[in-house]
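Quick one, fold the following:
(chains A and B)
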2 protein chains.
Amino acid sequence: MKNTSGSNPPLREIARPTTFIESRRLSRRLGVELVLASETFQHTGSFKFRAAYNLASTVPQHEIITASSGNFGQALAYACSLLGKKCTVVMPTTSAQVKIDAVREYGGVVDLTDVRVKGRNERLAEVALEKPEAYTASPYDDPLVIQGNASLGREICESGRAFDFIVAPVGGGGLSSGLIEGVRQSGKDHGTTVIGAEPLLANDAARSLRAGRIVKNEVEPMTIADGARTVSLGENNWRILKDGIGEIIEVPEDTISEAVRTLYGLANVKSEPTGALSLAAIMTRPELFRGNAVCCVISGGNVDPKVYCDLLGG
Amino acid sequence: MKNTSGSNPPLREIARPTTFIESRRLSRRLGVELVLASETFQHTGSFKFRAAYNLASTVPQHEIITASSGNFGQALAYACSLLGKKCTVVMPTTSAQVKIDAVREYGGVVDLTDVRVKGRNERLAEVALEKPEAYTASPYDDPLVIQGNASLGREICESGRAFDFIVAPVGGGGLSSGLIEGVRQSGKDHGTTVIGAEPLLANDAARSLRAGRIVKNEVEPMTIADGARTVSLGENNWRILKDGIGEIIEVPEDTISEAVRTLYGLANVKSEPTGALSLAAIMTRPELFRGNAVCCVISGGNVDPKVYCDLLGG
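Coordinates of the predicted model:
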């Protein structure tokens, strides 16, 4: 059978290698030896494809459901289409039309829910009851997600460059925990420390580290970095992050915008706000990085033109 | 001596390899097997660095002068800074401040000229008289420029992909003639045809091909693709293009804008208008490419936010 998990091509054959980008002007400006690892050219435009494909190709279920207004939904829809599996993505009715269209173009079924009436997770639970044979996928809190994202950490460590730091955005913790795992798995750990970049407006992960336990946001925080609007870290992520992450830098909103503009102006990189969080973290705490070799993960590039141009001020 | 031409590191050690980007959605939309070869992450943000470094590292002169309001000026300034050579770039007083700043940041001297009073080339001739020991560099009409750009053609042919077509913008003809040379030099010519993409508003190269001799524009044409605002092909370029190029596609301005938006929306690529000409050519003549393997050269990414956002309509 084509779609049993054993016969699917592994992630390493399907995911695109990350794109390493150097900008002399950016490095000089920041006083660090900077390399961007851009996942903006990954399938579906963000690192989420790594997690989605690893999950969808490993679980035996032939149908996968998730709730996502953003990159994970597109990534899962595309991964499932490659694997001949069915996929339903619960999305708020307020989602940007381009994101709804993208999920559909990748072959996913969009289940629109009015979040003023019924929460996304509540609707997802209903769909799960309607489809008892489907696998319900979390965008971050799943060992298969973490393992998929670990592939990026391995690639960075195996790139032939010795980094002191890898900086990456933190939302639910799927990427940062995956990077920590990937660095460990690479066997090429040059003392590389993974640093998280979190919006100050959504600083539950930083507060969790300080408290030594998962601290949740009261409500979904309205940071411009929409990929980091999670209410809390996942349990699976926390187990890795609590001892594995070097630090979490809390980034003001203005600095996120500045980082988007800087990537545009000095590196020709189109980044979504969440993707620019890692550069924004370096701008927020330059003294931590100065003189070091830093890999800055640009996690995704999917951003509406209107939002992007507001940020560019163009 | 450090700066004699023999001891400089060769271009292949200094230029960044081109970035190959695939977009499933873009390929499906166009009905071609499309790969982008993006030079937007090349040093100084465009392919021009290949030409500039090859020229600056080969000529024995220790000072190089040129006239450029755009990418060649930045590229030459940076190439000269790497080689410890002096560089002066004649630029119109009306140049965008970011471009003037970039040349200076790369270590070049900017010679501003009011083009209402004195043409760029007239001013360049004056500077050449003032600096008799300097080499005057054309951004396209020089065998060393063509040879530098040929490195991109070789890379594309040696990438392990067999392309039916390579599509690239045509201004003075430096890139397209270089690609033709590179394809020949690679020894891996899979019947690959180089196709030019020229703004309809600046179609001197297409008219030259039809006439069998160089035909010039009356004035500098005001296409949005500012890298293609050349008055005519260079002699060195024409010698290669007249028999070597498969065709030149004349692209309407609206299609250039649409290609910029498409690269943004479906491939996360930030392209300047000239860089999007090659995709625009495929959109203009889709029947020529349908079902074929096409490499589309995105020649550069340097564009002011204001211009870019006007194009995105964001």
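
How about the secondary structure of the nearest residue to residue A:301 once chain neighbours are set aside?
Spatially, and ignoring its direct neighbours in sequence, residue A:301 is nearest to residue A:40 (3.0 Å; C-beta to C-beta, 6 or more residues apart in numbering or on different chains). Heads up, the C-betas are built off the backbone N, CA and C, glycines and all. When classified by DSSP: H, G, I helix; E, B strand; the rest coil, residue A:40 comes out as coil.

For the closest residue to chain B within the stretch 101-250 of chain A, which non-adjacent residue is closest in space?
Here the residue of the stretch 101-250 of chain A nearest chain B is residue A:105; by C-beta to the nearest C-beta that distance is 6.5 Å. Closest residue to residue A:105 apart from its sequence neighbours, by C-beta to C-beta, 6+ apart: residue B:25 at 6.5 Å.

Now do the contacts for residue A:35.
A:20, A:21, A:22, A:161, A:163, A:293, A:294, A:295, A:296 (C-beta atoms under 8 Å, 6 or more residues apart in numbering or on different chains).

what about 6 Å?
Residue A:35 is in contact with A:20, A:22, A:295, counting by C-beta atoms under 6 Å, 6 or more residues apart in numbering or on different chains.

The first one looks like it's in a strand, true?
To tie it back to what came earlier, the one meant is residue A:20. Yes. Checked against three-state DSSP, residue A:20 lies within a strand.

Could you pull out the helices in chain A for me?
A:11-14, A:24-30, A:48-58, A:71-83, A:97-105, A:120-130, A:143-157, A:174-186, A:204-211, A:235-244, A:253-267, A:277-284, A:286-289, A:305-312 (DSSP state H).

Quick one: those helices as JSON lines, columns for mean neighbour count and mean pLDDT too.
Formatted as JSON lines, these follow (neighbours: other C-beta atoms under 10 Å in any protein chain shown; pLDDT from 0 to 100):
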{"stretch": "helix A:11-14", "mean neighbour count": "14", "mean pLDDT": "92"}
{"stretch": "helix A:24-30", "mean neighbour count": "17", "mean pLDDT": "92"}
{"stretch": "helix A:48-58", "mean neighbour count": "28", "mean pLDDT": "98"}
{"stretch": "helix A:71-83", "mean neighbour count": "27", "mean pLDDT": "96"}
{"stretch": "helix A:97-105", "mean neighbour count": "17", "mean pLDDT": "89"}
{"stretch": "helix A:120-130", "mean neighbour count": "15", "mean pLDDT": "93"}
{"stretch": "helix A:143-157", "mean neighbour count": "24", "mean pLDDT": "98"}
{"stretch": "helix A:174-186", "mean neighbour count": "26", "mean pLDDT": "97"}
{"stretch": "helix A:204-211", "mean neighbour count": "19", "mean pLDDT": "97"}
{"stretch": "helix A:235-244", "mean neighbour count": "18", "mean pLDDT": "98"}
{"stretch": "helix A:253-267", "mean neighbour count": "21", "mean pLDDT": "97"}
{"stretch": "helix A:277-284", "mean neighbour count": "27", "mean pLDDT": "98"}
{"stretch": "helix A:286-289", "mean neighbour count": "15", "mean pLDDT": "97"}
{"stretch": "helix A:305-312", "mean neighbour count": "18", "mean pLDDT": "96"}
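
which one of the ones you listed lies closest to residue B:56?
helix A:24-30 (16.3 Å; C-beta to C-beta).

ok, and what's touching the closest one?
Under the contact criterion C-beta under 6 Å, 6+ apart, helix A:24-30 has outside partners A:34, A:266, A:267, A:282.

From these, pick the one nearest residue B:116.
Nearest to residue B:116 among these is residue A:266, at 32.0 Å by C-beta to C-beta.

That closest one contacts residue A:22, correct?
No. Look at residue A:266 against residue A:22 with C-beta atoms under 6 Å: they stay out of range, at 11.1 Å.

Would you mind listing what in the stretch 51-200 of chain A touches chain B?
Within reach of chain B by C-beta under 6 Å from any C-beta of the partner chain, the stretch 51-200 of chain A has no residues at all.

Likewise for the stretch 201-314 of chain A?
Near chain B, when you scan the stretch 201-314 of chain A using C-beta under 6 Å from any C-beta, you find A:268, A:270, A:301, A:305, A:306, A:308, A:309, A:312, A:314.

Looking at the last one now. What's its pLDDT?
At residue A:314 the predicted local confidence, pLDDT, stands at 57.

Using the record's domain definitions, break chain A down for me.
Under automatic domain parsing, the residue ranges defining each domain of chain A are A:11-47+A:142-312, A:48-137.

Distance to residue B:10 added to the ones you listed, as CSV?
Listed next are the domains of chain A as CSV, based on distance: least, C-beta to C-beta, whole Å:
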stretch, distance to residue B:10
domain A:11-47+A:142-312, 19
domain A:48-137, 36
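
what does stretch A:96-116 contact?
A:73-74, A:77-78, A:81, A:87-93, A:123, A:304.

mind running it again at 8 Å?
Counting by C-beta under 8 Å, 6+ apart, A:44, A:69-70, A:73-74, A:76-78, A:80-81, A:86-95, A:120, A:123, A:127, A:302, A:304, B:25, B:265 sit against stretch A:96-116.

Endpoint to endpoint, that stretch covers what distance?
Start-to-end span of stretch A:96-116 (C-alpha to C-alpha, to the nearest Å) is 16 Å.

for that stretch, the distance to its chain's centre please.
Here stretch A:96-116 is found 19 Å from its chain centre; the criterion is C-alpha atoms, centre = their mean, to the nearest Å.

same deal with stretch A:215-224?
17 Å.

List the buried residues of it.
Under the neighbour-count criterion of 16 or more other C-beta atoms under 10 Å in any protein chain shown, stretch A:215-224 has A:215, A:217, A:221, A:223, A:224 buried.

What number of residues are in the vicinity of the residue nearest to residue A:69 when sequence neighbours are not counted?
Nearest residue to residue A:69 in three dimensions, chain neighbours excluded: residue A:95, at 4.8 Å (C-beta to C-beta, 6+ apart). For residue A:95, the count of nearby residues is 20 (other C-beta atoms under 10 Å in any protein chain shown).

Likewise for residue A:110?
Residue A:110 has 18 nearby residues by other C-beta under 10 Å.

returning to what we had before: please report which of the contacts of residue A:35 has the highest neighbour count.
Top of the contacts of residue A:35 by neighbour count (other C-beta under 10 Å): residue A:295, with 26 neighbours.

For the nearest residue to residue A:123 once chain neighbours are set aside, name its beta-bridge partners.
Of all residues beyond its chain neighbours, the one nearest residue A:123 is residue A:113 (4.1 Å), with distances taken as C-beta to C-beta, 6+ apart. Beta-bridge pairing of residue A:113 under DSSP bridges involves residue A:92.

If I look at residue A:113, what pLDDT would I see?
91.

Tell me if I'm right that residue A:281 and residue A:197 touch.
Yes. Residue A:281 lies in contact with residue A:197 (C-beta atoms under 8 Å); the separation is 3.5 Å.

any common contacting residues for these two?
A:167, A:249, A:251.

Report the contact partners of residue A:262.
Residue A:262 neighbours (C-beta under 8 Å, 6+ apart): A:26, A:29, A:276, A:279, A:283.

And these, which is closest to chain B?
Of all these, chain B sits closest to residue A:29, with 9.6 Å by C-beta to the nearest C-beta.

State the distance from the closest one to residue A:140.
32 Å (C-beta to C-beta, to the nearest Å).
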